[in-house]
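Visitor: Okay, here's the prediction I keep looking at, along with the sequence it came from:
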Amino acid sequence: AVAVVGIGYYLYTKRSGSGKDKKVPDGKTEGTKHANDATAAPAAPPQATPAEEPLPPLVDVDPTVPQEAPQAPSVSAPAPEPPSPPVATPSAEEKAIEQLAKEGIKMFKAKKFEAALAKFNVAFNLCITHMGHTDKSTVRVAHNRSAVLEKLGRPEEALVDCDLVIAADPRHKKSRLRRSRLNYKAGNRWESLIDVTAMIMLTERELHAKIRQGRQVDQRDHPTIPDYMQELTQGVLDDSKASLRERQDPPPPTEHEMHAILMSYDYYVALHERQEAHEAANGGGPASKLTRTQVQARRAERVAESVAAYDAVEGTDLVSQLRACLDCLERAISCREYETAAAMATKLEELMAGSDLGAAEETVAPNAAAEEAEAAAATCLARTPPELSMQDTARLWLLLGVFRHMNAQYGRARPAYTAALLKVREASADVQTAGEGATDGEEEWGLPLAMLPFEVCLMVHVADLLIDAKAINEARRELMMAMQRQRDSALVYLHLAHLKNLQKDEAGAVQDLEKCIELAPESVLGHLRIASIYGAMEGGKHLAKAKEHVKCAEDLVGGRSDVLMLRGELAFLEKRAEPALKFFERAARGDTKNFVAYYYRAMVFIEQDKVPEAQAELRKAIEINPVYSMAILQHATLELNTDASVARVAHVVDEIERSALCAKTDEELEECAQLYVTLKAQVESAQELGFEYIREM
């Protein structure tokens, strides 16, 4: 909704009336293009001569300090003319250098590059012997010799001469451009980008100075954009993204992300815990429908009960401790008591590690083939105490899988999920073998023939894991297998829609969500997801349908935080800023850890040009979630509007790098990397040039 502030180097090519198509062919010297070039023939073509006079060093003008206009001389009392400085007589060495340079230029025009190089070599040796490395004549000869060396296909030696010129005069634009080209051909993309960025910044400074002075500006005053610029910037961006991705250490999911991970787990809880709650509410009589609130209240009570139960059996036999620990972990996760869940999961791992069976530490790639995952899962099951029932064994590995998944331990979660899945299939086979009249399987699992939906639930868990691990094709295959097992599963359709939405297939996602809602009209998440997609489709043409589904969700759960968030998003899409702010504020009040609500409030304030208010909201979001990459990026970007000093922008670059390292999606990483590369190149270029400001405000 808000354009990120970009100061890209490619921006200069888009100026109206500018020289956006101005290219510099490889190896051509640029000396004859400058009006002040003392050695260039007026009518010579651009490639005719390498000889050129570098521009005098520019003075970096502080844009915040007003510059005094030149004072006109007094008419009544004219100042006496100062005596003319004595004209220095060129020495014999200077005359020899000048003559050799002219002969070298003549040879270069005739394409006699070896002969030209010989002349420039002699001239350069005289310069070093009598003038020094930083003398004006030395710089000119070295620059022109680099053009000859480039023509002769000796880029390493040409780079040495370019380095000498830039060391003596960091603002020598033409040597910067040549060194950029040479580094680009040598594969040194970052070094190439620094030089071309510095050249553009220098040209822009000169252009702005001319405009301030009221002087005429023409095409030659605009930056010369090399023909390899697009490939260069894309290459640097790809290198940067690869480097950032290698350094990423994804933090554990936030509570909001954990809620999404636990969606499939809630389905399992509904299968195995709700019936028990029904029976408890009815004195063990026939089951009656309980509301979500009643079920959640019952679970919350049982968390405390299960903790006390575990304390009572701690230190007894292994199986009793495992069962008590499982009950506690299961109820803590279902009630979103994450601290209690973490403590119980750690205890469960310790119990497994301390037994004679050892710890189950099998790890596979999240997108490993099914056979590899099943082999690791079989080892997990072999290390499970045989005294545990089938249900408890499946619960153990499901819960360990859920907890590892929540903590982004994908390689350890996959075998755990698969172990639970294998155990469920084993139990299902036992029930089918026993016949329809058998009751052992029913008593074992607590619900009549619940194995099939539980198996599908576990397959969806695996698909969730694969999606989070960016193994999209494998996730799709797992979901299609789950659909073959149970074709009327609203849970499967819900996840298929999520997968299609990630792949930008909005129409397919809507179709699957409609099927999900048809199978389960009470699916709040189904209504919210289809409303979100409708709101973003085709420029807001389906906002009316989006509102209908939000209303359905609100009728089911009232003013829950996620419902309020979506109402705020739809209001924002309708350009109703004040109602959007109120919805986001209510969502934040209802959930004090809802950092996304503060981020969206900031987006609304930015749309209203209320930058201080937006920055305050972004700081709140970052305070709640210090690794929220989009808030970090947006906050850093806003700062560039108020302070473009090199020191400040360098700090912003550090913030954007932190944002990129926290990015959870490829889109977030791409956005962070683009601005990171642009600003970092400008900071390093400005530091080399001695500029105080990246750009003039």
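Guide: Received the coordinates, thanks.

Visitor: now the end-to-end length of stretch 306-322.
Guide: 12 Å (C-alpha to C-alpha, to the nearest Å).

Visitor: chain center to it: distance?
Guide: Computed by C-alpha atoms, centre = their mean, to the nearest Å, the chain-centroid distance of stretch 306-322 equals 45 Å.

Visitor: again with stretch 601-612
Guide: 22 Å.

Visitor: List the neighbours of it that are in contact with it.
Guide: The contact list for stretch 601-612 (C-beta atoms under 8 Å, 6 or more residues apart in numbering) reads 1-2, 572, 577, 580-581, 584-585, 588, 613-615, 617-618, 621, 631, 634, 638, 641-642. No exception for glycine: its C-beta is placed from N, CA and C like everyone else's.

Visitor: Could you rerun that using 10 Å?
Guide: 1-3, 568-569, 571-572, 575-585, 587-588, 613-621, 630-631, 634-635, 637-639, 641-642 (C-beta atoms under 10 Å, 6 or more residues apart in numbering).

Visitor: just stretch 317-324 next, same as before
Guide: Stretch 317-324 has contacts (C-beta under 10 Å, 6+ apart) with 306-316, 344, 347-348, 350-352, 354-357, 384-389, 392-393, 395-396.

Visitor: One more pass at 8 Å, please.
Guide: For stretch 317-324, contacts defined as C-beta under 8 Å, 6+ apart pick out 306, 309-310, 312-315, 348, 351, 355, 385, 387-388, 392, 396.

Visitor: List the buried residues of it.
Guide: 318-324 (16 or more other C-beta atoms under 10 Å).

Visitor: burial count for E314?
Guide: Using other C-beta atoms under 10 Å, E314 has 13 neighbouring residues.

Visitor: Without its sequence neighbours, what residue ends up closest to it?
Guide: Leaving aside its chain neighbours, E314 sits nearest to Q321 (6.5 Å; criterion: C-beta to C-beta, 6 or more residues apart in numbering).

Visitor: how close does that neighbour get to T340?
Guide: Taking C-beta to C-beta, to the nearest Å as the criterion, Q321 is separated from T340 by 16 Å.

Visitor: which element is the residue nearest to E314 on?
Guide: With secondary structure defined by DSSP states H and E, Q321 is part of helix 318-334.

Visitor: Return the distance of the helix or strand following that helix from the chain's centre.
Guide: Later in the chain than helix 318-334, the nearest helix or strand by DSSP H and E is helix 338-354. Computed by C-alpha atoms, centre = their mean, the separation of helix 338-354 from the middle of its chain amounts to 33 Å.

Visitor: Could you look up the SS state of V217?
Guide: Secondary structure, DSSP: H, G, I helix; E, B strand; the rest coil: V217 is coil.

Visitor: what about it, how many residues close to it?
Guide: Around V217 there are 14 residues (other C-beta under 10 Å).

Visitor: average pLDDT for the helix holding Q321?
Guide: Mean pLDDT, computed over helix 318-334, is 81.

Visitor: returning to what we had before: closest to R648 among the contacts of stretch 317-324?
Guide: L348 (49.5 Å; C-beta to C-beta).

Visitor: dump the residue contacts of the closest one.
Guide: Applying C-beta under 8 Å, 6+ apart, the residues near L348 are 322, 325-326, 329, 396, 399-400.

Visitor: From A427, how far out is it?
Guide: Counting by C-beta to C-beta, the gap from L348 to A427 is 21 Å.

Visitor: for the chain, what helix or strand is lowest in average pLDDT?
Guide: Ranked by mean pLDDT, DSSP states H and E, the helix or strand of the chain with the weakest confidence is helix 440-445, at a mean of 36.

Visitor: Isn't M199 up against T224?
Guide: Yes - at 7.3 Å, M199 counts as touching T224 under the criterion of C-beta atoms under 8 Å.

Visitor: Between the two, which contacts overlap?
Guide: In contact with both M199 and T224: L177, using C-beta under 8 Å, 6+ apart.

Visitor: Between these two, tell me which one has more neighbours.
Guide: M199 (27 against 19).

Visitor: The more buried one - nearest residue in space that isn't next to it in sequence?
Guide: R176 (4.4 Å).

Visitor: Please report the distance of the one you found from E206.
Guide: From R176 over to E206 (counting by C-beta to C-beta), the distance is 14 Å.

Visitor: So, low pLDDT: which residues of the stretch 301-450 of the chain?
Guide: Scanning the stretch 301-450 of the chain for pLDDT under 70 picks out 354-362, 428-450.

Visitor: same check, this time on the chain
Guide: Along the chain, the model assigns pLDDT under 70 to residues 1-89, 250-300, 354-362, 428-452, 696-697.
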